[in-house]
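Student: Fold the following and give me the result.
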Amino acid sequence: MQSITSVDILDKLVGFESVSHNSNLDIADYIARLAQAFGGRIERFRSPDGEKEALLLAFGPDVPGGIVLSGHMDVVPVSNQKWTSDPFRLRQADGRLYGRGAVDMKGFLALGLSCANALDLSRLSRPLYLAFSYDEEVTCAGVKPIVAHLKAHVPPPSCVIVGEPTEMRIVGAHKGAVDWRIEVRGKAAHSSLPHLGSNAIHAAARIVQLVDQIAEEFSRSPAPGSELFDVPFATVSVGLINGGSAPNVIPSTCEFHIEARPLQAGDDAYILDRLKRLVEQDVLPRLRKTAADADVVITEVDSIPPLLRHASSNAELLVKGLIGSGDVEAVSYATEAGFFQSAGLPTVVFGPGSIFQAHQPDEYISLNQFEAGERFLGQLVRTLC
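Tutor: Numbering: from 1, shown residues only. Take a look at the predicted model:
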């Protein structure tokens, strides 16, 4: 056991500028070396470009029934934000710990590592795992190899706790997130001779109109069991669009993004099926009247599965028992929890700090929440002995 506190570890972690567009090899290497010094076994998962790395750290015996604590090493940018101090240097003031990632979610990483440091490995009858990913803030690419490894090579853990900031309240369900890029390719012509062209923006507008119709349908039909959500239905919208070259030119291209927040399995498949049917039956035939090679290409940019509520899951029951509360919430934002659940692992979201401080200038986690998280993990580890 090394003499290093959870605040010491958080100070080091905040010092790494692990913004999603940067390499994270320096912070991953620091964490791996620390975990190894604490007696952990290290599995590393490099990104295809070799610039990033996810980690699975194992402490204790290699047997079923372990507990996985999950978090991400990447943070959002600080550009165009006004901070009162260096965002990559931890500052303690007014009962708070300030710094980029302090709450989202290097605070939880520090607590997990500090918890591992305090372990008496000889007393553990079941293992503790720390699963630390990269790119959660952009694509969730980093958690996927961890989940695949857990499923294929690790004795089945009993549950996963994703330590996103929930103010120490149990989140048992959340929506997913899917981003599709739609590329419409028509044919350019002078605007005075529209019959010689094929208007990509007009075609895109018909697809956008369908998106609006689907969103209305969802809003009129809340999903069963959705009463925990503040928005009790799946949502879908167009958030980015670009097309055309000049007002007097029939546009040959238009590209836009559709973002959906599925609430239950199948919502995203339903949306995609409706889009494809409209494209095949209406949009493409119109475009190809004057442009034989016109096309509409739908590409899934990324997809995060929802976390579905399982009230009797090991994860929910364990956390309920430790905090002495049966209250469970649902949120509309997405986390990596759905990936673990999709692999058959009981999962909840539960961690210290407030989501309202995430991504903000002067991001912080209160010392009260940080210490509450530390006490909780101490209780959690005792269940492994």
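Student: Next, the residues that contact the one helix or strand Ala148 maps to from outside, please.
Tutor: Using DSSP states H and E, the element containing Ala148 is helix 143-153. Residues from elsewhere that reach helix 143-153 (CB atoms under 8 Å, 6 or more residues apart in numbering): 43, 45, 54-56, 68, 70, 72, 129, 131, 133, 136, 157, 336, 339-340, 342-345. All C-beta atoms are positioned from the backbone trio N, CA, C, and that covers glycine.
Student: send the alpha carbons of it over as CSV?
Tutor: Extracted C-alpha coordinates of helix 143-153, given in CSV (Å, rounded to 0.1, in the frame of the first residue of the first chain):
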residue,chain,number,x,y,z
VAL,A,143,-15.2,1.0,-23.9
LYS,A,144,-15.9,-1.5,-26.6
PRO,A,145,-12.7,-3.6,-26.5
ILE,A,146,-13.0,-3.6,-22.7
VAL,A,147,-16.5,-5.0,-22.8
ALA,A,148,-15.5,-7.6,-25.5
HIS,A,149,-12.6,-8.7,-23.3
LEU,A,150,-14.7,-9.0,-20.2
LYS,A,151,-17.2,-11.2,-22.1
ALA,A,152,-14.7,-13.4,-23.7
HIS,A,153,-11.8,-13.8,-21.2
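Student: Return the set of buried residues in it.
Tutor: For helix 143-153, a neighbour-count test (16 or more other CB atoms under 10 Å) marks 143-147, 150 as buried.
Student: Output those in CSV, with pLDDT and distance to Asp212 appended to each entry.
Tutor: Listed next are these as CSV, based on pLDDT from 0 to 100; distance: CB to CB, whole Å:
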residue, pLDDT, distance to Asp212
Val143, 98, 32
Lys144, 98, 32
Pro145, 98, 37
Ile146, 98, 38
Val147, 98, 35
Leu150, 98, 40
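Student: Kindly indicate which of those residues lies nearest Ala330.
Tutor: Val143 (20.6 Å; CB to CB).
Student: Tell me how many other residues surround Ala131.
Tutor: Counted with other CB atoms under 10 Å, residues neighbouring Ala131 total 27.
Student: can you check Val178 too?
Tutor: As a measure of burial, Val178 has 23 neighbours, counting by other CB under 10 Å.
Student: How about the secondary structure of it?
Tutor: Put simply, Val178 is strand when judged by DSSP: H, G, I helix; E, B strand; the rest coil.
Student: which ones are touching it?
Tutor: 259-260, 262, 268, 271, 300, 302-304.
Student: give me that answer again for 10 Å
Tutor: 236, 258-262, 267-269, 271-272, 300-306, 334 (CB atoms under 10 Å, 6 or more residues apart in numbering).
Student: from those, which ones fall inside strands?
Tutor: 236, 258-261, 300-304 (DSSP state E).
Student: Columns distance to Cys385, pLDDT and neighbour count on top of these, output as JSON lines?
Tutor: Shown next, in JSON lines, are the ones in strands among the contacts of Val178 (distance: CB to CB, whole Å; pLDDT from 0 to 100; neighbours: other CB atoms under 10 Å):
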{"residue": "Val236", "distance to Cys385": "47", "pLDDT": "98", "neighbour count": "26"}
{"residue": "Ile258", "distance to Cys385": "49", "pLDDT": "98", "neighbour count": "25"}
{"residue": "Glu259", "distance to Cys385": "45", "pLDDT": "97", "neighbour count": "16"}
{"residue": "Ala260", "distance to Cys385": "44", "pLDDT": "97", "neighbour count": "25"}
{"residue": "Arg261", "distance to Cys385": "40", "pLDDT": "96", "neighbour count": "24"}
{"residue": "Glu300", "distance to Cys385": "44", "pLDDT": "97", "neighbour count": "11"}
{"residue": "Val301", "distance to Cys385": "44", "pLDDT": "94", "neighbour count": "12"}
{"residue": "Asp302", "distance to Cys385": "39", "pLDDT": "92", "neighbour count": "13"}
{"residue": "Ser303", "distance to Cys385": "39", "pLDDT": "95", "neighbour count": "17"}
{"residue": "Ile304", "distance to Cys385": "34", "pLDDT": "95", "neighbour count": "24"}
